[in-house]
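J.: what shape does this take:
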Amino acid sequence: MLYRRLLKDVDFTLVIAVVLLLGFGLVIQASATANMPVGGDPWHYTKRHAAYVAVGLVAMVATMVVDYRSLARWSKVIYVSNLLMLGAVAVMGRAAMGAQRWFYIGSLSIQPSEFAKVAIIISLAAHLSRRFDRLHRFTDLALPFIHVGVPVTLIMTQPDLGTSLVFSAVLLGMLFIAGARWTHLAAVYGSALAAAVTWVILHLEYGIWIPLKTYQLNRLIVFANPNIDPLGAGYHIKQALVAIGSGHFLGKGLFTGTQSRLKFLPMQHTDFVFAVVGEELGFVGALVLLTLFLVIIWRGVRIAAEAKDPFGTLVATGVVSMFAFHVLVNVGMTVSIMPITGIPLPFISNGGSALLTNCIAVGLLLGIHYRRRKITF
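T.: Take a look at the predicted model:
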């Protein structure tokens, strides 16, 4: 009887969608990495991803069990600890692929900027919940922007433009729900976008300094003109489009995608894993995947609306904003309607830190939903 009562308020729609996505991701990882053996083992990445999934499920349940309201009391500690981790990786982290974003413990890599997403959602929610529906003046936006701006600055030094943009999307969603005027938000974000475009143009015309690496700048240029460097900076997107287009309606079948199997598609198990889905499972497979993401976003919106306190509403909003932005940008860059930013596809792309962060975020949603009618667990 008690067991049934405990399970009654679990959002099983959300749980099922996440478990299906995790299974989907494991199968796609097996297919995408079958031609990438490590030490002669073609299943190395698959087994590692399966271990990440197992740890992620445990973390999701553990996060749900913890009363999310207790996190508000620890928000300052969480925020400061997050800054220390981001600062430490800039000093002691190991560089890879032109970026210094990881700590290494043996063969295990940890990416603090991924965990920073949840940390900022929690700490920003605690801050905004104290001023819920009282962000009517333009100057009221200053502290929230500073709150997010400090970790974003540290992340940009790694450099990691994609994660920095995720924080911007999370901040926008949470500020809007907290009561900030949309005209103020449009003015700030519109001005920032205009300034960024102007800065890039001035750099290209006059060579002024810009806080972007050469490869990041080339990605923006290629987005504006995909044919400018088809064998260099534009190679990724060209091959991704070929992969998706060749999948047609039902796809070529798992483990039979020529773009990934013959290694034409770069980063096939990370940033461009959606292209593998499109090639091997076709339009139908891609549609199923996107439908599962829509279910998660829909449940997140409902959970935010039903939360019994502003803190819960804001945390759920931050999580939804994070997932929505990740999916929109990753799929968008794969089909060439957005620039390449290195943002992974949640639950599908390879990467333990990202997968664990996503599972913790879902655990927060489940915890908020569970306690929407309860005082204690």
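J.: hang on, Tyr104 is in a strand, isn't it?
T.: Yes: looking at Tyr104 with DSSP: H, G, I helix; E, B strand; the rest coil, it is inside a strand.
J.: name the residues linked to it by a beta bridge.
T.: Ser109 (DSSP bridges).
J.: isn't there a helix covering Pro339?
T.: No: counting by three-state DSSP, Pro339 is located in no helix; its state is coil.
J.: find the centremost residue of this protein, please.
T.: Residue closest to the average C-alpha location in the chain (CA atoms, centre = their mean): His326, at 4.4 Å.
J.: wait, doesn't that one sit right on Ser349?
T.: No: counting by CB atoms under 8 Å, His326 does not reach Ser349; the two are 9.3 Å apart. All C-beta atoms are positioned from the backbone trio N, CA, C, and that covers glycine.
J.: one step back: now the helix or strand containing the residue nearest to the centre of the chain: how far from the chain's centre is it?
T.: If you go by DSSP states H and E, His326 is part of helix 310-334. Averaging C-alpha positions (CA atoms, centre = their mean, to the nearest Å) puts helix 310-334 7 Å from its chain's average.
J.: now for it, which elements pack on it?
T.: helix 69-73, helix 112-129, helix 161-178, helix 235-247, helix 273-306, helix 352-370 (3 or more CB pairs under 8 Å, 6 or more residues apart in numbering; DSSP states H and E).
J.: lowest-confidence stretch among those helices?
T.: Note on the helices and strands packed on helix 310-334: lowest mean pLDDT is at helix 235-247, with a mean of 87.
J.: now Gly332: how far from Phe274?
T.: Distance, Gly332 to Phe274, by CB to CB, to the nearest Å: 10 Å.
J.: who's more crowded, these two?
T.: Phe274 (25 against 16; other CB atoms under 10 Å).
J.: could you point out which element follows the host helix or strand of Val197?
T.: Using DSSP H and E, Val197 sits within helix 182-206. For helix 182-206, the succeeding helix or strand toward the C-terminus, using DSSP H and E, is helix 214-224.
J.: and that next one, how far from the chain's centre?
T.: For helix 214-224, the distance to the chain centre is 21 Å (CA atoms, centre = their mean).
J.: for that helix, packing partners?
T.: Contact partners of helix 214-224 among helices and strands, from 3+ CB pairs under 8 Å, 6+ apart: helix 182-206.
J.: mind redoing it with 10 Å?
T.: helix 161-178, helix 182-206, helix 235-247 (3 or more CB pairs under 10 Å, 6 or more residues apart in numbering; DSSP states H and E).
J.: still on that earlier bit, quick one: common contacting residues for His326 and Ser349?
T.: Taking CB atoms under 10 Å, 6 or more residues apart in numbering as the criterion, His326 and Ser349 both touch 343, 358.
J.: count of residues packed around the residue nearest to Val276 when sequence neighbours are not counted?
T.: Distance criterion CB to CB, 6 or more residues apart in numbering; nearest residue to Val276, sequence neighbours excluded, is Ala32 at 4.7 Å. Under the neighbour criterion other CB under 10 Å, Ala32 is assigned a count of 33.
J.: can you tell me how far Ala32 sits from Val327?
T.: Applying CB to CB to Ala32 and Val327 gives a distance of 18 Å.
J.: about what we covered before: pretty sure the residue nearest to the centre of the chain sits against Phe167.
T.: No: contact criterion CB atoms under 10 Å: His326 and Phe167 do not qualify, at 12.0 Å.
J.: overlap in contacts, the two.
T.: Common neighbours of His326 and Phe167 (CB under 10 Å, 6+ apart) are Lys117.
J.: next up, the contacts around Leu128.
T.: For Leu128, the contact set (CB under 10 Å, 6+ apart) comprises 134-135, 143-144, 147, 171, 174-175, 177-180, 310-311, 313-314, 317-318.
J.: of those residues, buried ones?
T.: The neighbour-count criterion (16 or more other CB atoms under 10 Å) marks 135, 144, 147, 171, 174-175, 177-178, 180, 310-311, 313-314, 317-318 among those as buried.
J.: what's the most distant pair in these?
T.: His147 and Thr313 (17.7 Å; CB to CB).
J.: ok, the residue lying closest to Val61 once chain neighbours are set aside - contacts?
T.: Using CB to CB, 6+ apart and skipping residues adjacent in sequence, the residue nearest Val61 is Gly363, 6.9 Å away. Neighbour list for Gly363: 18, 56-66, 68, 118, 319 [criterion: CB under 10 Å, 6+ apart].
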